[in-house]
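>>> Below is the sequence, then the predicted model.
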Amino acid sequence: DVQLQASGGGLVQAGGSLRLSCAASGFTFDNYAIGWFRQAPGKEREGLGCISSSAGSIYYTGSVKGRFTTISDSAKNTVYLQVDSLKPEDTAVYYCAADPFGSSCSRLDVWGQGTLVTVSS
């Protein structure tokens, strides 16, 4: 079974950085897609970006463009979300999700448990 473990969240001051990790098991990185999402209190879930073996990195929302970067480490079966220049409005639970069958960023059906990022002003 495909399983994901997200980690790396925490409390950070505005302007700071974090590197979130999504450790994957149950598939290899020669054919994969892993995306990042977040959900702030009282708000709908928001897609941030996805990295796949077929399409590289894509980003969904302009609010994180230039500040968030997806990085893949196939040796560790881990995808990272590097988050820089953090703002208080980036406070949310961050989730990673994977395509259990291949490399489609439109089929991210397996979810990790989420990691909380809190940005103080």
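The structure has been received and is ready for your questions. Numbers count the residues shown, from 1 in each chain.
>>> Assign a three-state SS to the residue nearest to the spatial centre of the chain, would you?
Residue closest to the mean C-alpha point of the chain, counted by C-alpha atoms, centre = their mean, is Trp36 at 2.8 Å. Three-state assignment for Trp36 (DSSP: H, G, I helix; E, B strand; the rest coil): strand.
>>> so what's it bridging to?
For Trp36, the beta-bridge assignment (DSSP bridges) gives partners Gly49, Cys96.
>>> What pLDDT is listed against it?
At Trp36 the predicted local distance difference test score is 96.
>>> these two touch, right, it and Ala98?
No: distance between Trp36 and Ala98: 10.8 Å, which falls outside the contact criterion (C-beta atoms under 8 Å). In short, each C-beta sits where N, CA and C put it, glycine included.
>>> if I pick Cys22, what's in contact with it?
For Cys22, the contacting residues are 4-6, 34, 36, 78-81, 96, 112, taking C-beta atoms under 8 Å, 6 or more residues apart in numbering as the criterion.
>>> Leaving out chain neighbours, which residue sits closest to it?
With C-beta to C-beta, 6 or more residues apart in numbering as the criterion, Cys22 has its nearest non-adjacent residue at 3.4 Å, and that residue is Cys96.
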